[in-house]
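Novice: Provide a 3D model corresponding to the input given below.
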Amino acid sequence: MAQPWDYIAKIVSLGDSGSGKSSLTIRLCEGRFVSHHDVTIGVEFGSRVVPVGPPASLEHNINNPVSRSPNDVPAQPPAPKKGSKAPAEPLQKHMKLSLWDTAGQEQYKSITRSYFRGASGALLVFDITRRQTFNSVTSWLHDLRQIAEEDIVIILVGNKSDLAPSSTITEGDAKNKRQVTRDEAEEWCKINKVMQYVETSAKSGENVERAFLEVAERIYQNVEAGKYNLNDRRSGVKGPGSGGGARTVTLGGSGGAGAGAAKKAGMCC
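Specialist: Numbers count the residues shown, from 1 in each chain. Presented below is the predicted three-dimensional model:
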């Protein structure tokens, strides 16, 4: 039986405890929200297969060179001339994301750092309703860049957007618990040369898949550019035949193993 994916990539989630890293992984892998989750000790695992490259990247408007912003309508290819054949649609590629959800508590940092090695992508997560978690992301980024590969794909994720309906801080608004503005986070990304900022809600599911797809798509572009040795076992990205027969969940599918089951089944990496 053929592999359901073309590449496998190691992705780490890091950030302060309580920022929602585990909830994001569970939402992506199992499509559900867990309001209370035990503190992660060391690392927990999850796995998800996602489409990369066209036509899916154009449909999701991710890494579309013609489009200027995520809200733009994806550009349509020009209609074929009369009498000519339409170009064949490219065969959709898929990437298995091996998700490493790391501990955020200070006492586990020495363990957590060791899991950054070999990662090809990272989600740097903070809670937009707790400024201290945003203040900590610079330290987390420093730790990551000391250990991970130089060209690791990083995005900043502001989680719990369901508690912050406004993109700015509004004093006296009980419904808007935001303590970090979107502009602040985007400016931080520019200063620290982080690829992108995405706001998510593990509770509602808003932008959760989008965040992971953004990372996967950029990794795929690096694969196409020949930046990884797919046959090197130390590489953060591997080609077909490098993984086992672990159960996975295909994007848009209806079920499969998630973060909790992954740990028990030894799924991932």
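Novice: for the stretch 101-250 of the chain, what spans make up the strands?
Specialist: Using DSSP state E, counting those that start in this stretch, the strands assigned to the stretch 101-250 of the chain run over residues 121-127, 153-159, 196-199, 237-238.
Novice: give me the distance from the shortest one to the chain's centre.
Specialist: Translated: strand 237-238. Computed by CA atoms, centre = their mean, to the nearest Å, the chain-centroid distance of strand 237-238 equals 16 Å.
Novice: and for stretch 121-141?
Specialist: With CA atoms, centre = their mean as the basis, the mean position of stretch 121-141 lies at 14 Å from the chain mean.
Novice: repeat that for stretch 191-201.
Specialist: Taking the mean C-alpha point of stretch 191-201 and that of its whole chain, the gap between them comes to 11 Å (CA atoms, centre = their mean).
Novice: what's next to it, contact-wise?
Specialist: With CB atoms under 8 Å, 6 or more residues apart in numbering as the test, stretch 191-201 has contacts from 20, 24, 124, 128, 138, 141, 153-162, 164, 182, 185-186, 188-189, 206-208, 210-211, 214, 218. The C-beta positions use only the backbone N, C-alpha and C, and glycine is treated the same way.
Novice: where does this structure have low pLDDT?
Specialist: Scanning the chain for pLDDT under 70 picks out the ranges 1-2, 35-43, 63-89, 104-111, 241-269.
Novice: centroid residue for it?
Specialist: Among the residues of the chain, the smallest C-alpha distance to the mean C-alpha position (CA atoms, centre = their mean) belongs to F212, namely 2.7 Å.
Novice: ok, now which ones touch that residue?
Specialist: I11, L28, R48, V50, L97, L123.
Novice: which residues does the fifth one bridge with?
Specialist: With DSSP bridges applied, L97 shows beta-bridge pairing to A9, R48.
Novice: about what we covered before: okay, the strands of the stretch 101-250 of the chain in a markdown table with mean neighbour count and distance to P90 next?
Specialist: What follows is the strands of the stretch 101-250 of the chain, written out as a markdown table (neighbours: other CB atoms under 10 Å; distance: least, CB to CB, whole Å):
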| stretch | mean neighbour count | distance to P90 |
| --- | --- | --- |
| strand 121-127 | 27 | 23 |
| strand 153-159 | 26 | 22 |
| strand 196-199 | 20 | 24 |
| strand 237-238 | 24 | 20 |
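Novice: out of those, which is closest to H60?
Specialist: Distances from H60 to each of these were compared using CB to CB; the minimum, 12.9 Å, belongs to strand 196-199.
Novice: and the closest one, C-alpha only, in PDB?
Specialist: C-alpha atoms of strand 196-199 as PDB (Å, rounded to 0.1, in the frame of the first residue of the first chain):
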ATOM      1  CA  GLN A 196       4.200  35.500  10.100                       C
ATOM      2  CA  TYR A 197       1.700  36.200  12.800                       C
ATOM      3  CA  VAL A 198      -1.500  34.200  13.100                       C
ATOM      4  CA  GLU A 199      -4.300  34.600  15.700                       C
END
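Novice: tell me which strands it pairs with, and in which orientation.
Specialist: The sheet places strand 196-199 alongside strand 153-159 (parallel), with pairing taken from DSSP bridges.
Novice: just how off-centre is the strand it pairs with within its chain?
Specialist: Averaging C-alpha positions (CA atoms, centre = their mean) puts strand 153-159 7 Å from its chain's average.
Novice: can you check stretch 6-24 too?
Specialist: Here stretch 6-24 shows a centroid-to-chain-centroid distance of 7 Å under the convention CA atoms, centre = their mean.
Novice: so for the host helix or strand of S57, what gets flagged as buried?
Specialist: S57 belongs to helix 56-59 when assigned by DSSP states H and E. In terms of neighbour count (16 or more other CB atoms under 10 Å), helix 56-59 has its buried residues at A56, S57, L58.
Novice: now do stretch 160-170
Specialist: Taking 16+ other CB under 10 Å as the neighbour-count basis, stretch 160-170 is seen to contain the buried residues K160, S161, D162, A164, I169.
Novice: would you list those residues in CSV and tack on distance to Q132?
Specialist: Compiled in CSV, these are given as follows (distance: CB to CB, whole Å):
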residue, distance to Q132
K160, 14
S161, 18
D162, 20
A164, 16
I169, 15
